[in-house]
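S.K.: Got a predicted structure here, sequence first:
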Amino acid sequence: MTAVIEVSCINCDMCVPECPNEAISMGPLHYQVDPARCTECIGFYEKPTCIEVCPIDCIELIDPS
Ligand code: SF4
Ligand code: SF4
C-alpha cells in the first residue's frame with residue numbers, strides 16, 4: 001500500500017513536514033507521494049500521519065499493484 005494524493009489537494013503544506021520518510025514533494029500541480037519511500041508510517045505512527053493531518057481528506061491508501 002502507498003499513500004496517494006488526489007488532484008483535489010490544495011497545496012496547504014500540512015502533510016509535508018509530517019512524513020517520517022520525506023516521501024511527499026511538490027509535483028507539477030499538487031503534492032505527490034513517492035511510493036518507493038512511503039511505508040504507511042509503520043514504525044512511526046499507528047496510522048498514516050499524512051492522512052491524519054490533511055484538512056480536506058484528499059489522501060488515500062492504495063495498493064499500487
Ligand atoms: S503514509 Fe506516512 S510514510 Fe506514507 S506518505 Fe504519508 S506520512 Fe509519508
Ligand atoms: S495536507 Fe492534504 S491538501 Fe494539504 S498539501 Fe497535503 S495532501 Fe494537499
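M.R.: Here it is on my side, so go on. Residues are numbered from 1 along each chain as shown. Ligands and ions are numbered 1, 2, ... in the order given.

S.K.: So which bits of stretch 2-15 are buried?
M.R.: Within stretch 2-15, the residues that count as buried by 16 or more other CB atoms under 10 Å are 2-3, 5, 9, 15. (C-beta placed from N, C-alpha, C; glycine too.)

S.K.: The residues you listed in helices, which ones?
M.R.: Applying DSSP state H to the buried residues of stretch 2-15, no entry is found in helices.

S.K.: Go back to those and keep what's next to ligand 1.
M.R.: Restricting the buried residues of stretch 2-15 to those near ligand 1 by CB under 6 Å from any ligand atom leaves Ala3.

S.K.: And the buried residues of stretch 2-15, which is closest to ligand 1?
M.R.: Ala3 (4.0 Å; CB to the nearest ligand atom).

S.K.: surely that closest one meets Arg37?
M.R.: No: using CB atoms under 8 Å, Ala3 is not in contact with Arg37; the gap is 10.0 Å.

S.K.: and for the two, which residues touch both?
M.R.: Contact criterion CB atoms under 8 Å, 6 or more residues apart in numbering; residues bridging Ala3 and Arg37 by contacting each: Ala23.

S.K.: Could the C-alpha coordinates of stretch 2-17 be exported in PDB?
M.R.: The C-alpha coordinates for stretch 2-17 follow below in PDB (Å, rounded to 0.1, in the frame of the first residue of the first chain):
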ATOM      1  CA  THR A   2       1.100   3.600  -0.600                       C
ATOM      2  CA  ALA A   3      -0.500   6.900   0.200                       C
ATOM      3  CA  VAL A   4      -1.800   8.700  -2.900                       C
ATOM      4  CA  ILE A   5      -2.700  12.400  -3.000                       C
ATOM      5  CA  GLU A   6      -5.700  13.200  -5.200                       C
ATOM      6  CA  VAL A   7      -6.000  16.100  -7.600                       C
ATOM      7  CA  SER A   8      -8.200  18.000  -5.100                       C
ATOM      8  CA  CYS A   9      -5.100  18.700  -3.000                       C
ATOM      9  CA  ILE A  10      -4.900  22.400  -2.100                       C
ATOM     10  CA  ASN A  11      -1.200  22.500  -1.600                       C
ATOM     11  CA  CYS A  12      -1.600  23.600   2.000                       C
ATOM     12  CA  ASP A  13       1.800  22.000   3.100                       C
ATOM     13  CA  MET A  14       0.400  20.400   6.200                       C
ATOM     14  CA  CYS A  15       1.400  16.900   5.300                       C
ATOM     15  CA  VAL A  16       4.900  17.600   4.000                       C
ATOM     16  CA  PRO A  17       6.800  18.100   7.300                       C
END
